[in-house]
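Student: Predicted structure and sequence below. I'll ask about it afterward.
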Amino acid sequence: MDDCIFCKIVSGDIPCHTIYEDDEYLGFLDIRPVSKGHCLLIPKKHFETFLDLPVEMMGGFTAALRKVTEAVVKATTCDGVNIGLNVNKAAGQEVFHVHHHVIPRFEGDGLSQWARNTYDAGEDLILREKISSFLKEE
Ligand code: 5GP
Ligand code: ZN
């Protein structure tokens, strides 16, 4: 994709600090880290969002994610990790080339967590029914 920043990183047109590479996936430091050691993992092929990535690639993507996460944990000696993947603008996706975030976390680092909500009466059951209906085998 001509106007995709991450495709340009894959092609070498834009530099990055690579931390992992195999035939299909590339890991590199995020240019504006949430915390020091924040890495991104992308498929080398262009897919806009997680939901565009073929199911056959999910296993390889997750295996590479695990390798990167283990290396980040060892390198930063962090206490925890946030693994995140934003899908679409409403969820905060800014670069439309699917990518995992691997963000080292430290006890007392002060980074905010997601705010939590509650269900109105019966709302949880309605959503349970609605979501699971899309997961029932045909
Ligand atoms: P998103 O908001 O799409 O989930 O995350 C995109 C991430 O890509 C951001 O964390 C941002 O800092 C990172 N990013 C954007 N442009 C570049 C770049 O040119 N190089 C690197 N290494 N990271 C980038
Ligand atoms: Zn791309």
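Tutor: Yes, it's here. Ligands and ions are numbered 1, 2, ... in the order given.
Student: Run a quick neighbour tally on Ile42.
Tutor: Neighbours of Ile42 under the rule other CB atoms under 10 Å: 23. Every C-beta, even on glycine, is put in place using the N, C-alpha and C of the backbone.
Student: For it, give the beta-bridge partners.
Tutor: Leu26 (DSSP bridges).
Student: Retrieve the pLDDT associated with it.
Tutor: Turning to Ile42, the model gives it a pLDDT of 98.
Student: With Gln113 instead?
Tutor: 87.
Student: ditto for the one 4 residues further on
Tutor: Here the pLDDT value assigned to Asn117 is 97.
Student: How many neighbouring residues does it have?
Tutor: By other CB under 10 Å, 5 other residues sit near Asn117.
Student: where along the protein do the strands fall?
Tutor: 18-21, 25-29, 39-43, 80-84, 100-105 (DSSP state E).
Student: tell me the most buried of the ones you listed?
Tutor: Stretch with highest mean neighbour count among the strands of the chain: strand 39-43 (a mean of 23; mean count of other CB atoms under 10 Å).
Student: ok, the closest residue to His101 other than its chain neighbours to ligand 1 distance?
Tutor: With sequence-adjacent residues excluded and distances taken as CB to CB, 6 or more residues apart in numbering, His101 is closest to Gly84, at 4.3 Å. Remark: distance between Gly84 and ligand 1 (CB to the nearest ligand atom, to the nearest Å) = 7 Å.
Student: now do Leu111
Tutor: From Leu111 across to ligand 1, the span is 14 Å (CB to the nearest ligand atom).
Student: where does this protein come near ligand 2, residue by residue?
Tutor: The chain comes close to ligand 2 at residues 1, 4, 6-7, 46, 97, as judged by CB under 5 Å from the ion.
Student: Show me the two of those residues that sit farthest apart.
Tutor: Spatial extent of the residues of the chain next to ligand 2 (CB to CB) is set by the pair Met1 and Phe6 at 8.8 Å.
Student: And those two? Which one has more around it.
Tutor: Using other CB under 10 Å as the criterion, Met1 and Phe6 rank with Phe6 on top: 22 against 13.
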